[in-house]
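J.: Build me a model:
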Amino acid sequence: MELVLGYLFIYFAKVSDVTLATVRMIMVVKGRRIQAALIGFVEIIIFILAIGKVLADLDNPFNVIAYALGFATGNYMGIYVEEKMALGSIIAQVITQGGSVSLVERFREEGFGVTVVESYGREGMQHLLNITMQRKNLGKFYQILDEHDKKAFVTVTDARAIKGGYFTRFKRR
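T.: Have a look, this model is predicted:
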């Protein structure tokens, strides 16, 4: 029983360690120094405890397997947690095949700020929609866009910092 508990400790410690590492890196990229430092502090304590347990009995291959499985699961969990956190702002650029006036109106009705720029593409004059939003609203953005034009060309990029502009409170339905 003690062996199984040891494997579970290694596994869950490594899952926690790698998940925290992913979240810490997001905080670093977003410029959140204090949060990144605090997460790093906890992360390294967990890492030392997990690796210490593995190295104390390196002849036991199940310790190494538990560590490796924890690492793999931690990567999966880190991405999952990052998606759920949806921190920060993003910028979406949209080129639609249909008329963009009704789409722009719909986005604005739902609380999205939209800037329309005339552009020239392969198909001639088109409208390029620039939409800056909180990342947590990306699902709603795609839902509205798919209702209007499933074949729209979309690029989404992270916005490190935003200053000024027009933002309304996102409408909840």
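
J.: same question for the longest helix belonging to the chain, mean pLDDT?
T.: Assignment by DSSP state H gives helix 2-29 as the longest helix of the chain. Helix 2-29 comes out with an average pLDDT of 94.

J.: Same question for stretch 61-77.
T.: According to the model, stretch 61-77 has a mean pLDDT of 96.

J.: Buried by neighbour count: which residues of it qualify?
T.: 63, 66-67, 70, 73-74, 77 (16 or more other C-beta atoms under 10 Å). Using the backbone N, CA and C atoms, a C-beta is placed for each residue, glycine as well.

J.: CA atoms only for it, dumped as CSV, please.
T.: What follows is stretch 61-77, C-alpha atoms only, in CSV (Å, rounded to 0.1, in the frame of the first residue of the first chain):
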residue,chain,number,x,y,z
PRO,A,61,10.9,1.9,-12.6
PHE,A,62,7.4,2.6,-11.4
ASN,A,63,8.6,5.8,-9.8
VAL,A,64,10.0,7.0,-13.2
ILE,A,65,6.8,5.9,-14.9
ALA,A,66,4.6,7.7,-12.4
TYR,A,67,6.8,10.8,-12.9
ALA,A,68,6.6,10.6,-16.7
LEU,A,69,2.8,10.1,-16.6
GLY,A,70,2.4,13.0,-14.2
PHE,A,71,4.5,15.2,-16.6
ALA,A,72,2.3,14.2,-19.6
THR,A,73,-1.0,14.7,-17.7
GLY,A,74,0.3,18.0,-16.3
ASN,A,75,0.8,19.3,-19.8
TYR,A,76,-2.7,18.4,-20.7
MET,A,77,-4.1,19.9,-17.5
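
J.: Run through who's touching it.
T.: Stretch 61-77 has contacts (C-beta atoms under 8 Å, 6 or more residues apart in numbering) with 3, 6-8, 10-19, 21-22, 50-51, 53-54, 57-58.
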